[in-house]
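S.K.: just need the structure, nothing else, for what follows:
(one chain, ligands or ions: 4)
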Amino acid sequence: MGVVTVSKIPVIEMFGPTIQGEGAVIGVKTMFVRTYGCDYRCSWCDSAFTWDGSAKDKVRMLTPEEIMAELLSLAGNNFDCVTISGGNPALIGEAMGTFIMGLHERGIQAAIETQGSRWQEWFNDVDVLTISPKPPSSGMKTDWEILDGIMGKLHDKGKAAHSLKVVVFNEGDYEYAKAVHKRYPEVPLFLQPGNEDVTEEGDISVRLLGRLEWLFNQVIVDPEMNRARVLPQLHALIWHNKRGK
Ligand SMILES: C[S@@+](CC[C@H](N)C(=O)[O-])C[C@H]1O[C@@H](n2cnc3c(N)ncnc32)[C@H](O)[C@@H]1O
Ligand SMILES: Nc1nc2[nH]cc(C(=O)O)c2c(=O)[nH]1
Ligand code: SF4
Ligand SMILES: [Mg+2]
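M.R.: Ligands and ions are numbered 1, 2, ... in the order given. Below you'll find the predicted structure:
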């Protein structure tokens, strides 16, 4: 019985350059690679096409070299950061590690968006690692043992700059974010208001800013959140629910 090495990555979309709209590196110019498949099914997922089957025919199995070539043909030298999101990119093993090495060989930084349900060895090589555990409104249940394991390994190896990002839709989610903060007090925590309608067309910025103000007001009166940072989804303020931005 041989070991099967999976050398390809399921890619649902690549786009950019755009501006990173969330979390620790908000405002940075970046390309996006979005992988297909997720082990979660968040009720409010803004990228459900990565797992609900609606875009299955658009998935391409690509080698790290093919992804690199496509990024270069999309943007030339007009970027030095690639954000890998999904879906859950942590479902992908060695091939992702190879891809990240290729980025580094070209002096390009790798940022990852994942929910903290799976560990991969290549997390150690990521430049900007965002772990986004899911609050109750998502309908998902956090496996704290797994999350503790991931946070512990990141802490021990001390290599990847990592942060936590919790999406908050309501009071219950806010309490969850506080529990996350208490559990991992040394890790930078970003709070992001939820987008309650990811299909609405047109300008949603006023609705999103209303939710941002609500979240500001939660944090402002809360002495247990003195270090949390509250940020909008900047890209959604500018480009609304448009895909590929
Ligand atoms: C689409 S997910 C993909 C990466 C990974 N599966 C995760 O959830 O972290 C990227 C980010 O978008 C956030 N997100 C998804 N739907 C959202 C919504 N309706 N409002 C605000 N943030 C949302 C997620 O919480 C996550 O931080
Ligand atoms: N501009 C922009 N910033 C983002 N930050 C995280 C995103 C994601 O979908 O993971 C995202 C996205 O889709 N677009
Ligand atoms: S974990 Fe991320 S990609 Fe998966 S369903 Fe939730 S928000 Fe969507
Ligand atoms: Mg997004």
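
S.K.: contacting residues around the closest residue to residue 80 other than its chain neighbours?
M.R.: Excluding the flanking residues, the one nearest residue 80 by Cβ to Cβ, 6 or more residues apart in numbering is residue 108, at 5.3 Å. Placement of C-beta: from N, CA and C, glycine included. Residue 108 sits next to 79-82 when contact means Cβ atoms under 8 Å, 6 or more residues apart in numbering.

S.K.: one more: residue 175?
M.R.: Counted by Cβ under 8 Å, 6+ apart, residue 175 has zero contacts.

S.K.: list the buried residues for the helix or strand hosting residue 68?
M.R.: In this assignment (DSSP states H and E), residue 68 forms part of helix 64-75. By neighbour count on 16 or more other Cβ atoms under 10 Å, the buried set for helix 64-75 is 64, 67-68, 70-71, 75.

S.K.: show the average pLDDT along the lengthiest strand in the chain.
M.R.: Among the segments of the chain that qualify as a strand by DSSP state E, the longest is strand 9-19. For strand 9-19, the mean per-residue pLDDT is 98.

S.K.: contact partners of stretch 64-80?
M.R.: With Cβ under 8 Å, 6+ apart as the criterion, stretch 64-80 contacts 9, 11, 14-17, 29-31, 33, 62, 82, 95-96, 98-99, 102-103, 106-109.

S.K.: just the CA trace of it, in PDB.
M.R.: Output in PDB follows, covering the C-alpha atoms of stretch 64-80 (Å, rounded to 0.1, in the frame of the first residue of the first chain):
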ATOM      1  CA  PRO A  64       1.000  25.000  -6.800                       C
ATOM      2  CA  GLU A  65       2.900  26.000 -10.000                       C
ATOM      3  CA  GLU A  66      -0.300  26.500 -12.000                       C
ATOM      4  CA  ILE A  67      -1.800  28.700  -9.200                       C
ATOM      5  CA  MET A  68       1.400  30.800  -9.200                       C
ATOM      6  CA  ALA A  69       1.400  31.200 -13.000                       C
ATOM      7  CA  GLU A  70      -2.300  32.300 -12.900                       C
ATOM      8  CA  LEU A  71      -1.600  34.900 -10.200                       C
ATOM      9  CA  LEU A  72       1.300  36.300 -12.100                       C
ATOM     10  CA  SER A  73      -0.800  36.500 -15.300                       C
ATOM     11  CA  LEU A  74      -3.600  38.200 -13.400                       C
ATOM     12  CA  ALA A  75      -1.400  40.800 -11.700                       C
ATOM     13  CA  GLY A  76       2.200  40.700 -12.900                       C
ATOM     14  CA  ASN A  77       4.400  42.200 -10.200                       C
ATOM     15  CA  ASN A  78       1.600  44.300  -8.800                       C
ATOM     16  CA  PHE A  79       1.300  42.400  -5.400                       C
ATOM     17  CA  ASP A  80       3.500  41.000  -2.700                       C
END
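
S.K.: is ligand 2 contacted by it?
M.R.: No. Judged by Cβ under 6 Å from any ligand atom, stretch 64-80 and ligand 2 are separated, with a smallest distance of 12.8 Å.
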